[in-house]
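>>> Okay, predicted coordinates and the sequence, questions at the end:
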Amino acid sequence: MNTIKDIDISKKKVFIRVDFNVPLDSTQQITDDARIEAVLPTLKYALSREACVILASHLGRPKGQVKVEFSLQPVARRLGEILGIKVIMAPDCIGEDVAALADDMEGGQVLMLENLRFHKAETQNDSDFGKSLASLCDVYINDAFAVSHRANASVVSITQHAPISAAGLLLKKELDYFDKAMKNPVRPLVAVVGGA
């Protein structure tokens, strides 16, 4: 499996699918930023290579409708605080305005796309939607372990259109844990499986 470290990303537009589905309180303040912190190694690596970092995530379940309470704006603000740089917030995740923002990026900048699930096409794994997302980048990186099992356009369809696809450092770390647990588990071993 190729990771972000196995490909040349220097000064390239790197689209990173992250899982920033963070909990928010009633005032739109993030109550736990662990999911943001978890992808920092990947983000910092990309920024150290002067990549133009384009971040995409979902937040909540807006079911294909634009709902302000599911905007990624608070996430962009918090990420900017953590990284100590301005994170540019896009008005959407596709479209001419978003393409213009991506085209104008310089190495070392971060662009946060608006909630992918504001479009039904995301959860429908729509090929045209995936193609629109892929058109923003030179390289696609999946660092969203928690959604990697979902047939969403930002996980599946985009890989059919992006020039290069690879795993992020968080995704690699999670898969390494599974590999170790399956091939050479420390005993006693207990597996806890959850989900809806």
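Noted; the coordinates are in hand. Quantities reported herein were computed from a predicted structural model and do not represent experimental measurements.
>>> how about the helices in the protein?
According to DSSP state H, the chain carries its helices in the segments 34-38, 40-48, 73-83, 96-103, 120-123, 127-134, 169-183.
>>> how about the ones you listed in CSV, adding mean neighbour count?
Just so you know, the C-beta spots here come from the backbone N, C-alpha and C atoms, and that holds for glycine as well. Shown next, in CSV, are the helices of the chain (neighbours: other C-beta atoms under 10 Å):
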stretch, mean neighbour count
helix 34-38, 16
helix 40-48, 19
helix 73-83, 18
helix 96-103, 14
helix 120-123, 20
helix 127-134, 20
helix 169-183, 14
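>>> and those helices as TSV, adding mean pLDDT and distance to residue 141?
Formatted as TSV, these follow (pLDDT from 0 to 100; distance: least, C-beta to C-beta, whole Å):
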stretch	mean pLDDT	distance to residue 141
helix 34-38	96	14
helix 40-48	98	7
helix 73-83	97	16
helix 96-103	98	15
helix 120-123	98	18
helix 127-134	98	12
helix 169-183	83	8
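>>> who wins for proximity to residue 157 among those?
helix 127-134 (2.5 Å; C-beta to C-beta).
>>> which residues touch that closest one?
15, 56, 93-95, 119, 121-122, 140, 153-154, 156-162 (C-beta atoms under 8 Å, 6 or more residues apart in numbering).
>>> Can you check what angle separates it from helix 96-103?
Orientation note: helix 127-134 sits at an angle of 40 degrees relative to helix 96-103 (axes from the mean of the first three to the mean of the last three C-alpha atoms, to 10 degrees).
>>> Pull up the per-residue confidence for residue 147.
pLDDT for residue 147: 91.
>>> List the residues that contact it.
Counted by C-beta under 8 Å, 6+ apart, residue 147 has contacts 17, 19, 58, 155.
>>> Looking at these, state which has the most neighbours.
residue 17 (27 neighbours; other C-beta atoms under 10 Å).
>>> That one reaches residue 56, doesn't it?
Yes. Assessed by C-beta atoms under 8 Å, residue 17 is found in contact with residue 56 at 5.3 Å.
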